[in-house]
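Novice: Give me a 3D structure for the following:
(chains A and B)
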Protein chains: 2
Amino acid sequence: MRKLINAPADVVADALRGLAAAHPSLRVDPEGRTVVRADAPRPGKVALVSGGGSGHEPMHIGFVGRGMLDAAAPGEVFTSPVPDQILAATLAADGGAGVLHVVANYTGDVLNFRVAAELAEEEGVEVAAVRVDDDVAVTDGRRTAGRRGTGGILFVEKIAGALAEEGARLARVADVAREVDERTRSFGVALSSCTVPVVGEPTFRLGEDEIELGIGVHGEPGRERTARMPAAGIVDAALTAIDADVPLRGAEVLLLVNGMGGTPLMEQYIACGEAAEWLRRHGATVARCLVGPFVTSLEMAGCMITVCRLTPELTRLWDAPVETPALRWGR
Amino acid sequence: MRKLINAPADVVADALRGLAAAHPSLRVDPEGRTVVRADAPRPGKVALVSGGGSGHEPMHIGFVGRGMLDAAAPGEVFTSPVPDQILAATLAADGGAGVLHVVANYTGDVLNFRVAAELAEEEGVEVAAVRVDDDVAVTDGRRTAGRRGTGGILFVEKIAGALAEEGARLARVADVAREVDERTRSFGVALSSCTVPVVGEPTFRLGEDEIELGIGVHGEPGRERTARMPAAGIVDAALTAIDADVPLRGAEVLLLVNGMGGTPLMEQYIACGEAAEWLRRHGATVARCLVGPFVTSLEMAGCMITVCRLTPELTRLWDAPVETPALRWGR
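Specialist: Coordinates of the predicted model:
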């Protein structure tokens, strides 16, 4: 196991200690497993809280900050955070205007966020939830009822976070979060597996000449295992699957070309070039584009393509200032 | 070869096409292999130009933008750019106030930048050069006379870039670039090798239980091949080597914990936590910190630690606004 870690059981707490050392803008509790904006709670502002299994960094812990999340609850690797932890993040973030839970659609996350929301409401905090299910590859898998939440989570957190920063009320922030989810689709491809530290063995095996199309971010099975192909073919498979689900012709899109953790940026840019060319050929316009490892699966090689069909309002909110460890722009 | 590429010979041009699609703020020539700020030349501003072998992305092509580089010349993978290419970048960037070449200390780069500088001066462009040689691990290797340039290149480009943006003159920008280089030291550790696309085989072989201390960013040999060790031991080896070269006690440091391309962010944060703790124990203060894959070696697993002993002026310039694909902050 070629990993830069100490004890496998300590990876989440050890990473949170590093996050704390690097980012004074965050209040990090490595033992309680919460990451909160240092200036939280912000009175009168709707708070966004998310979380999920660790191993997908920078999601979610690197998305905490002005214009995005108010708090995150990182679980063990590829394991949902527990309700008490989500509750602690929710209470720390609440500024009296209610809290939006952004929940990836996995059975464990959905259940634990629901329990935490009930506990928070008992303490007088209003909670709404949006479930993100952007992955077109697989429906009703081992960890999910319905589709999985993957790269679209970043879009939901950024855009809804911008709206909350502007002072919108909870119901409106939740509506826009759902709108982003509805307009967003993803498809991932793995060139290699990854190894959960406490397991010590790869989650699955791929032959030297195999790739897996439609992979999930925990190494869940995809649609199809196939022979290695050039970047152009991989991108075509991903965008063809997305386009079959929601036609992209005529759309102005926000494009995320996301590295899965073990694929270098050079290759992500190669995939981006192919994706931009595919979209152009199919009558869509890339209005905004983000390239990098944002929603990862430990050291898995591969990429995910996520596309959101923009509206002028969503574009405006995407462009709004954000100041987190992983995304920073604007004034 | 598990790579997300098309033809191995096309990786640089294909990646540049993706860079162009993603970043309208850049003027990219995928065939001529130059990346220039879209608003270049900036009349009266000293221009910073860098370049080197590709495969280290986002360095340098992702460092082009306001407050950092005006242009970059990416060579073939792990191969110096040719003089004509550096000349084209230099002429495109020059705003009449002269050009600073930031050159990593490898024999090929030093030679080709020198030839390009002579050609540019024949065309009436004043050129100064700073050679970056921050790597303490190895002196006089296969590709170098003296020490290698690695993570410190980012610091030189960011800090000198900020000074140029403020309107400082060429001699002053060059002096500060040299000051940053003198105050900066790096040490890298590889947990795996990497494969140059046109070669198709790993550059070196590491056993499942081996790591290489003091690795170069092209897979050049390091100081020592040793048994796998925990993150705390790896960081201790790196910082002990740096501290032996320039004592860190009492220093306020800028710390870069740099992923080499195949190591996920979670592990980089674990290394960051260990580095911050090591520095605290040894009487140094982490004044600024950056974590992420910024100076990579394709899909190599491992990390590099880079430390710059700050002054108030260097801190101010580090904090100054920057707006590039890979680094963005400030107003």
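
Novice: Spell out the residue ranges of the strands in the stretch 151-300 of chain A.
Specialist: A:184-190, A:210-213, A:224-227, A:252-259, A:285-292 (DSSP state E, counting those that start in this stretch).

Novice: Domain map for chain A?
Specialist: Following automatic domain parsing, one finds the domains of chain A at A:9-182, A:184-320.

Novice: Format these as CSV; extra columns: mean pLDDT and mean neighbour count.
Specialist: Backbone N, C-alpha and C define where each C-beta goes, glycine included. Formatted as CSV, the domains of chain A follow (pLDDT from 0 to 100; neighbours: other Cβ atoms under 10 Å in any protein chain shown):
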stretch, mean pLDDT, mean neighbour count
domain A:9-182, 96, 23
domain A:184-320, 95, 21
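
Novice: Let me have those in CSV, extended by distance to residue B:270.
Specialist: Shown next, in CSV, are the domains of chain A (distance: least, Cβ to Cβ, whole Å):
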stretch, distance to residue B:270
domain A:9-182, 4
domain A:184-320, 10
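
Novice: Among those, which comes closest to residue B:289?
Specialist: In terms of Cβ to Cβ, the element of these nearest to residue B:289 is domain A:9-182, at 4.3 Å.

Novice: So what's the gap between the closest one and the chain middle?
Specialist: In terms of Cα atoms, centre = their mean, to the nearest Å, the centre of domain A:9-182 is set 10 Å apart from its chain centre.

Novice: Enumerate the residues of the stretch 51-200 of chain A near chain B.
Specialist: A:54, A:55, A:57, A:58, A:62, A:191, A:192 (Cβ under 8 Å from any Cβ of the partner chain).

Novice: hmm, back to that, can you say which of the strands of the stretch 151-300 of chain A is nearest to residue B:72?
Specialist: strand A:285-292 (16.5 Å).

Novice: May I have the strands that pair with that closest one, each with its orientation?
Specialist: Partner strands and pairing direction for strand A:285-292 (DSSP bridges) are strand A:252-259 (parallel).

Novice: how far off strand A:184-190 does the partner strand point, in degrees?
Specialist: Using axes from the mean of the first three to the mean of the last three Cα atoms, to 10 degrees, one finds that strand A:252-259 and strand A:184-190 are set 30 degrees apart in direction.

Novice: how about CSV for the residues of the stretch 51-200 of chain A next to chain B, with secondary structure added?
Specialist: Listed next are these as CSV, based on DSSP: H, G, I helix; E, B strand; the rest coil:
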residue, secondary structure
A:54, strand
A:55, coil
A:57, coil
A:58, coil
A:62, helix
A:191, coil
A:192, coil
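
Novice: quick one: which of these is nearest to residue A:291?
Specialist: residue A:58 (14.0 Å).

Novice: Torsion angles phi and psi at that closest one?
Specialist: Dihedral angles of residue A:58 (phi, psi; degrees, to the nearest 10) stand at phi -80, psi -20.

Novice: next one: residue A:115
Specialist: phi -60, psi -40.

Novice: How about residue A:131?
Specialist: phi -100, psi 130.

Novice: before we move on, what about residue A:308?
Specialist: phi -120, psi 130.

Novice: mind checking how far it is from chain B?
Specialist: 15 Å (Cβ to the nearest Cβ, to the nearest Å).

Novice: What angle do strand A:285-292 and the helix or strand containing residue A:306 make with each other?
Specialist: Per DSSP states H and E: residue A:306 is located in strand A:302-309. Strand A:302-309 and strand A:285-292 meet at an angle of 150 degrees, taking the same axes, to 10 degrees as the criterion.

Novice: same for strand A:302-309, what does it pack against?
Specialist: Where contact means 3 or more Cβ pairs under 8 Å, 6 or more residues apart in numbering or on different chains; DSSP states H and E, strand A:302-309 is packed against helix A:152-165, helix A:170-183, strand A:184-190, helix A:231-245, strand A:252-259, helix A:265-281.

Novice: tell me the secondary structure for residue A:129?
Specialist: strand.

Novice: part of a helix, is residue A:317?
Specialist: Yes. Residue A:317 sits within a helix when classified using three-state DSSP.

Novice: correct me, but it touches residue A:176?
Specialist: Yes. Using Cβ atoms under 8 Å, residue A:317 is in contact with residue A:176, at 7.4 Å.

Novice: what do those two both touch?
Specialist: A:159, A:163 (Cβ atoms under 8 Å, 6 or more residues apart in numbering or on different chains).

Novice: quick revisit: which strands border the strand holding residue A:306, and is each parallel or antiparallel?
Specialist: Going by DSSP bridges, the partners of strand A:302-309 are strand A:184-190 (antiparallel), strand A:252-259 (antiparallel).

Novice: Can I get stretch A:103-121 as PDB, trimmed to CA atoms?
Specialist: Only the C-alpha atoms of stretch A:103-121 are listed here, as PDB (Å, rounded to 0.1, in the frame of the first residue of the first chain):
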ATOM      1  CA  VAL A 103     -26.700  15.300   0.900                       C
ATOM      2  CA  ALA A 104     -25.200  13.000  -1.700                       C
ATOM      3  CA  ASN A 105     -27.700  10.300  -2.600                       C
ATOM      4  CA  TYR A 106     -26.200   7.300  -0.800                       C
ATOM      5  CA  THR A 107     -28.400   5.300   1.600                       C
ATOM      6  CA  GLY A 108     -26.200   5.900   4.600                       C
ATOM      7  CA  ASP A 109     -25.800   9.600   4.100                       C
ATOM      8  CA  VAL A 110     -29.500  10.200   3.400                       C
ATOM      9  CA  LEU A 111     -30.400   8.300   6.600                       C
ATOM     10  CA  ASN A 112     -27.800   9.900   8.900                       C
ATOM     11  CA  PHE A 113     -28.500  13.500   7.600                       C
ATOM     12  CA  ARG A 114     -32.300  12.800   8.200                       C
ATOM     13  CA  VAL A 115     -31.700  11.800  11.800                       C
ATOM     14  CA  ALA A 116     -29.400  14.800  12.400                       C
ATOM     15  CA  ALA A 117     -32.000  17.100  10.900                       C
ATOM     16  CA  GLU A 118     -34.600  15.800  13.300                       C
ATOM     17  CA  LEU A 119     -32.200  16.300  16.200                       C
ATOM     18  CA  ALA A 120     -31.400  19.800  15.100                       C
ATOM     19  CA  GLU A 121     -35.100  20.700  14.700                       C
END
